[in-house]
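Undergrad: sequence unknown, structure follows:
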């Protein structure tokens, strides 16, 4: 019996990344039928992934926001460059 037959963590990881071959899917399904610990681990991983993706600051959402934030900051910087009073306000007083 190999380690992967005992608890196929690598297969669970690849499943979460949607990188399982049909053979590995069958192997994992067979293992999950007889292993409550791995079923629980699989469910926990799925729950954490769903929570992470639903988070307002998930990596995916931040990636989508980044271009808009960069555009807004660039526009503000240009406005500040065109506004002489902005330079005076930003200059440290000694």
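TA: That came through fine. Keep in mind the model is a prediction, meaning the values are calculated, not measured.
Undergrad: Relative to residue 42, how far out is residue 49?
TA: Residue 49 sits at a distance of 11 Å from residue 42 (criterion: C-beta to C-beta, to the nearest Å). The way it works is simple: take the backbone N, C-alpha and C, and place the C-beta from them, glycine included.
Undergrad: Please apply the same query to residue 13.
TA: 10 Å.
Undergrad: Repeat that for residue 8.
TA: Distance of residue 8 to residue 42, given as C-beta to C-beta: 10 Å.
Undergrad: Between residue 49 and residue 42, tell me which one has more neighbours.
TA: More crowded of residue 49 and residue 42, by other C-beta atoms under 10 Å: residue 42, with 17 against 11.
Undergrad: My read is that that one contacts residue 12, right?
TA: Yes. Between residue 42 and residue 12 there is a contact under C-beta atoms under 8 Å: 5.7 Å.
Undergrad: Can you list the residue ranges for strands in this structure?
TA: Per DSSP state E, the chain carries no strands over any range.
Undergrad: give me the low-pLDDT residue ranges for it?
TA: Applying pLDDT under 70 to the chain flags residues 1-5, 58, 84-94.
Undergrad: Grab the longest helix from it for me.
TA: Taking DSSP state H as the criterion, the chain has its longest helix at helix 59-82.
Undergrad: so what's the residue most central in space within the chain up against?
TA: Centroid-nearest residue in the chain: residue 59, 4.5 Å away (criterion: C-alpha atoms, centre = their mean). By C-beta atoms under 8 Å, 6 or more residues apart in numbering, the residues touching residue 59 are residue 52.
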